[in-house]
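Visitor: Can you look at this prediction? I've put the sequence above it.
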Amino acid sequence: MGTLLDQGIKGYKNYGTHLKEKYNGQRVFKVIVDGGFTCPNRDGSKGYGGCTYCNVDSFTPELSRKLPTIREQLEQGMERGKGFYKADKFIVYFQPNTNTYAPVHYLKMMYDEALSINTEDVVGFSVGTRPDCIDAEKVALLESYADRFDVDLEMGMESIYDETLNQINRGCSHGEFVEAVKLLENSKLDLCVHTIFGFPWETEEMMLGYIHEINRFPQIKFVKFHHLHIVEGSIMGVKYKKEPFKLFSLEEYTDLLCKLIPLLRPDIVIQRLFGISDWDLLIAPNWGLNKSAIQTYIDKEIERRGVVQGSEYIAK
């Protein structure tokens, strides 16, 4: 018989299972698109240098970094998805930087181009952004694609504490995040929220508070959990090299996940439990394992401890 994990059953709502169920067992692969956007705390609108933890290249596969056009990125990304991952369908994913940071007419032109490529193989459209770069007009634009594709807006919350957001040069407050989430009440869009755990001045209790905040908003359908990792080319990387500070070990981070998953609303799908950058960019923490091995370790520990998503959730 084996364990539940051996049968593909996990103690949390995982994204892979969600996609298989939603698309009748078909393999669905995200193809990352770099639209050449910037961020308001990079170009001077709100600040310079970007968030202190961020080097955009660390979140973007090398393949898409080197491709100059949207068509080339998508065609080669889909070819790789079909060949290497045996993908049947695709989600077009505008990921690097802030992908709503432009006038609506420009966004429409770019989105239209991306969604016109191999349309018969595309089932989803995902756009990453910041809370201060979304408004009702941009929400309406994204909703206009929802009759043809499943559309989700991915938004960085990162932390719920303004002190942390100030320290990392986020350039926007948690209040702005809440206002952006409210724009999506009764929306056709699915909201995915991105968080970072492990800022050294935040306690475990503070981090568990993220989950209670996420649970408040029914429009949040997906989450991505990341541990803080330090990458080359970031302001935080320079500081870490001069004066290293405490970061999660794999065991410590897994322990945190085992505490927060039971608190998470049971309908929310977890797209990611951790983040990892390319080895050539990673400064710390180096857990000495590849992505697959980290996932396996976390999943086995979740099963060993009998962790079940939502088992400690209390509706309010």
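Guide: All right, it came through fine. Numbers count the residues shown, from 1 in each chain.

Visitor: what about the strands in the stretch 101-250 of the chain?
Guide: 122-129, 150-158, 190-197, 220-227, 230-231 (DSSP state E, counting those that start in this stretch).

Visitor: hmm, who's touching the last one?
Guide: Spelled out, it's strand 230-231. 53, 55, 58, 236-237, 240, 247, 277, 281-285 (CB atoms under 8 Å, 6 or more residues apart in numbering). Any C-beta I mention is one placed from the backbone N, CA and C, and that applies to glycine too.

Visitor: related to what we said a few turns ago, for the strands of the stretch 101-250 of the chain, which has the smallest mean pLDDT value?
Guide: Mean pLDDT is lowest for strand 230-231 among the strands of the stretch 101-250 of the chain, at a mean of 92.

Visitor: Check the offset of stretch 120-137 from the chain's centre.
Guide: Per CA atoms, centre = their mean, to the nearest Å, the displacement of stretch 120-137 from the mean C-alpha position of its chain is 12 Å.

Visitor: ugh, wrong one, stretch 207-218
Guide: With CA atoms, centre = their mean, you get 16 Å for stretch 207-218.

Visitor: Take the strands of the stretch 101-250 of the chain and write them to TSV, including distance to residue 267 and mean neighbour count.
Guide: Formatted as TSV, those follow (distance: least, CB to CB, whole Å; neighbours: other CB atoms under 10 Å):
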stretch	distance to residue 267	mean neighbour count
strand 122-129	19	22
strand 150-158	15	23
strand 190-197	12	21
strand 220-227	8	21
strand 230-231	33	24
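
Visitor: out of those strands, nearest to residue 43?
Guide: The closest of those to residue 43 is strand 122-129. By CB to CB, the value is 15.0 Å.

Visitor: residues in contact with that closest one?
Guide: Outside strand 122-129, the residues touching it (CB under 8 Å, 6+ apart) are 23, 28, 30, 89-96, 98-101, 111, 115, 142, 145, 149-156, 192, 194.

Visitor: Repeat that for stretch 294-308.
Guide: Stretch 294-308 is contacted from outside by 3-5, 10-12, 250, 254, 257-258, 261-262, 273-274, 276, 287, 289, using CB under 8 Å, 6+ apart.

Visitor: which of the residues you listed are buried?
Guide: 10-12, 250, 254, 257-258, 261-262, 273-274, 276, 287 (16 or more other CB atoms under 10 Å).

Visitor: Just checking, which of these comes out lowest on pLDDT?
Guide: Out of those, that is residue 276, at 86.
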